[in-house]
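Visitor: Show me how the following folds:
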Amino acid sequence: MEDLNLFIKSIFIDNMIFAYFLGMCSFLAVSKNVSTSFGLGIAVTFMLVVTLPLNYLLDNYLLQPGALSWLGEEFATVDLSFLALIMFIAVIASMTQLVEMAVEKFSPSLYASLGIFLPLIAVNCAILGCALFMQQRDFGSAWTATVYGAGSGIGWTLAIVGLAAIREKLAYSNIPKPLRGIGITFILTGLMGIAFMSFLGIKL
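Guide: Okay, the predicted model is just below:
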């Protein structure tokens, strides 16, 4: 039940875009087309589902103070926590390369439409932010970290696809010239953030 609550909360209440403003660069730049936005959202969700449990295991069995005690008593006092940030980034960057190669092979059109933003998943602050939140909140198992990653990815996908759908409709609207492009996008993002604040009333 706790994992279900965490899953729902990470989608709607602790949404990476509207609660923490993480991953905004890709969110604003790619959200012009629903199909492209959905493809990027799936890629980000996959990255979170794969990298969060890996980073959880890395943190709990290698990096935390005393995590190396399974190697022997002489390693019980070793503290490698200062390497956490760079190790998390290394895992994310490695998985990004695999995702990029897979998308290029199986969906060349999506690969072409995403352009530079696909390899930039490696520096998407939503993915690194989830890893740091996972470490901060001290989840009890790799499964809980996976649930949190899946929920955060779905929440990010929901946000970018929703914005892309609205922007597609706005192409047929008479928007004042000074607000066209990024201006109206900022306004829409703010309104969507206010809408998502209504989920704060959910009691979990």
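
Visitor: mind listing the helices in the chain by residue range?
Guide: Along the chain, the segments classed as helices by DSSP state H run 2-8, 24-30, 34-58, 84-106, 108-114, 125-137, 142-170, 182-196.

Visitor: export the ones you listed to CSV and tack on distance to residue 64, mean pLDDT and mean neighbour count?
Guide: For glycine as for every other residue, the C-beta is placed from the backbone atoms N, C-alpha and C. Converted to CSV, the helices of the chain look like this (distance: least, C-beta to C-beta, whole Å; pLDDT from 0 to 100; neighbours: other C-beta atoms under 10 Å):
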stretch, distance to residue 64, mean pLDDT, mean neighbour count
helix 2-8, 21, 91, 15
helix 24-30, 30, 88, 19
helix 34-58, 10, 92, 22
helix 84-106, 8, 89, 15
helix 108-114, 36, 81, 16
helix 125-137, 9, 92, 20
helix 142-170, 14, 95, 21
helix 182-196, 33, 91, 14
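
Visitor: Can you check which of those gets nearest to residue 18?
Guide: Nearest to residue 18, of all the helices of the chain, is helix 182-196, at 4.2 Å by C-beta to C-beta.

Visitor: between the closest one and helix 142-170, how many degrees?
Guide: Using axes from the mean of the first three to the mean of the last three C-alpha atoms, to 10 degrees, one finds that helix 182-196 and helix 142-170 are set 130 degrees apart in direction.

Visitor: just checking, what packs against helix 182-196?
Guide: helix 24-30, helix 142-170 (3 or more C-beta pairs under 8 Å, 6 or more residues apart in numbering; DSSP states H and E).

Visitor: re earlier: same list (the helices of the chain) but as JSON lines, adding distance to residue 70.
Guide: As requested, those are exported to JSON lines (distance: least, C-beta to C-beta, whole Å):
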{"stretch": "helix 2-8", "distance to residue 70": "26"}
{"stretch": "helix 24-30", "distance to residue 70": "38"}
{"stretch": "helix 34-58", "distance to residue 70": "12"}
{"stretch": "helix 84-106", "distance to residue 70": "18"}
{"stretch": "helix 108-114", "distance to residue 70": "41"}
{"stretch": "helix 125-137", "distance to residue 70": "19"}
{"stretch": "helix 142-170", "distance to residue 70": "16"}
{"stretch": "helix 182-196", "distance to residue 70": "42"}
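
Visitor: still on that earlier bit, and the helices and strands packed on helix 182-196: which comes nearest residue 186?
Guide: Closest to residue 186 of those, according to C-beta to C-beta: helix 24-30, at 8.1 Å.

Visitor: Roughly how far does the residue nearest to residue 162 when sequence neighbours are not counted sit from residue 127?
Guide: Once flanking residues are discounted, residue 162 sits nearest to residue 192: 6.4 Å by C-beta to C-beta, 6 or more residues apart in numbering. In this view, residue 192 and residue 127 are 21 Å apart by C-beta to C-beta, to the nearest Å.
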